[in-house]
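Engineer: pasting the sequence and the predicted model now:
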Amino acid sequence: MANTLKIQIWSDIMCPFCYIGKRRIEGALQNFEHKDAVEIEWKSFQLDAGFVASPEDNMVEHLAEKYRKDTDWAQGMLDDMTQNAKNSGLDFHFEKAVMANSLHAHRLLHLAKKYNLANDLEELLFKAYLTDGKNINDLVTLKALGLEVGLNAESIDEVLHSNAYANEVRQDIDEAQAIGVQGVPFFVFDNKYAVSGAQHVETFVKTLEKVWEEGKFDAKITVLKGTDGDSCGIDGCD
């Protein structure tokens, strides 16, 4: 392990539970003795790679149509997620959310990863979509967020006005499918243990301690029993 514990996190900006999961793993790290030896790698995942947004899109109506329920049910689902987020110190505003395809955001995240800025950009992208009501498919918005974390303007333009890193995004998704990822967030600890969903902080702490104590690792990934937390899949969030 070389005194380093690596956590790979598959996530999509459009997934509310991924933001909650981010807060919870951060909370777990604050309670982990060896937190300074932990490396986090963000991996791309798209819940709906073919999604095309329109100005009329509304989160409540979209969910009602997707699940074939009425709008009261959909609003209740969003209210529950909003409260769930508050419990983790987050402030969701689904009434302002601009639905979008996340591909450009993921491509920019791969640029940020090159400069060890992916975690910072991931945070800003989640906040932009789930709290601030910004369009994370808008190139001007993405450039502003990239600049905010310290990326070079020219590098941002080169990525956003090309197809750069699209293959890397696809590779992350293919890798997720290869290891059986059904929904996100999905956490892999040192290529040995996997935890699915936005687990409670205590669950993440126990996993970190288990992985650290075991030391050397096998290549096969084992999904820990009882670790199916709140997550979003291609069929929706639950």
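Structural biologist: Done, it's in. Residues are numbered from 1 along each chain as shown.

Engineer: can you give me the strands for this structure?
Structural biologist: 5-11, 38-44, 183-184, 186-189, 193-196, 222-228, 232-233, 236-237 (DSSP state E).

Engineer: looking at those strands, which is buried most?
Structural biologist: strand 183-184 (a mean of 28; mean count of other CB atoms under 10 Å). The C-beta positions use only the backbone N, C-alpha and C, and glycine is treated the same way.

Engineer: hey, which helix or strand in this protein has the poorest pLDDT?
Structural biologist: Within the chain, no helix or strand scores below strand 222-228, which has a mean of 58 by mean pLDDT, DSSP states H and E.

Engineer: re earlier: residue 81: which of the strands of the chain is closest?
Structural biologist: With CB to CB as the criterion, residue 81 lies closest to strand 236-237 of the strands of the chain, at 7.3 Å.

Engineer: which of the strands of the chain sits closest to residue 162?
Structural biologist: Once the strands of the chain are compared by CB to CB, strand 38-44 is nearest, at 16.9 Å.

Engineer: hmm, who's touching the closest one?
Structural biologist: Contact with strand 38-44 is made by 4-12, 25, 29, 32, 106, 109-110, 113, 118-119, 122, 168-169, 172-173, 175-176, 208, as judged by CB atoms under 8 Å, 6 or more residues apart in numbering.

Engineer: so it versus strand 5-11, what angle?
Structural biologist: Here strand 38-44 runs at an angle of 20 degrees relative to strand 5-11 (axes from the mean of the first three to the mean of the last three CA atoms, to 10 degrees).

Engineer: quick one: mean pLDDT for strand 38-44?
Structural biologist: The pLDDT scores in strand 38-44 average 98.

Engineer: roughly how far out does it sit from the chain middle?
Structural biologist: 10 Å (CA atoms, centre = their mean, to the nearest Å).

Engineer: got the CA coordinates for that strand in CSV?
Structural biologist: The C-alpha coordinates for strand 38-44 follow below in CSV (Å, rounded to 0.1, in the frame of the first residue of the first chain):
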residue,chain,number,x,y,z
VAL,A,38,-5.8,9.0,1.5
GLU,A,39,-5.9,9.8,-2.2
ILE,A,40,-9.2,10.4,-3.9
GLU,A,41,-9.7,9.9,-7.7
TRP,A,42,-12.9,11.0,-9.3
LYS,A,43,-14.2,8.8,-12.1
SER,A,44,-16.8,9.7,-14.7
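
Engineer: quick one: strands adjacent to that strand?
Structural biologist: With DSSP bridges as the test, strand 38-44 is paired with strand 5-11 (parallel).

Engineer: contact partners of the strand it pairs with?
Structural biologist: 18, 21-22, 25, 34, 37-45, 122, 172, 176, 181, 184-191, 208, 211-212.

Engineer: quick check, residue 60 in contact with residue 78.
Structural biologist: Yes. Applying CB atoms under 8 Å as the test, residue 60 and residue 78 come out as touching, 6.7 Å apart.

Engineer: give me the common contacts of these two.
Structural biologist: Residues touching both residue 60 and residue 78 by CB under 8 Å, 6+ apart: residue 94.
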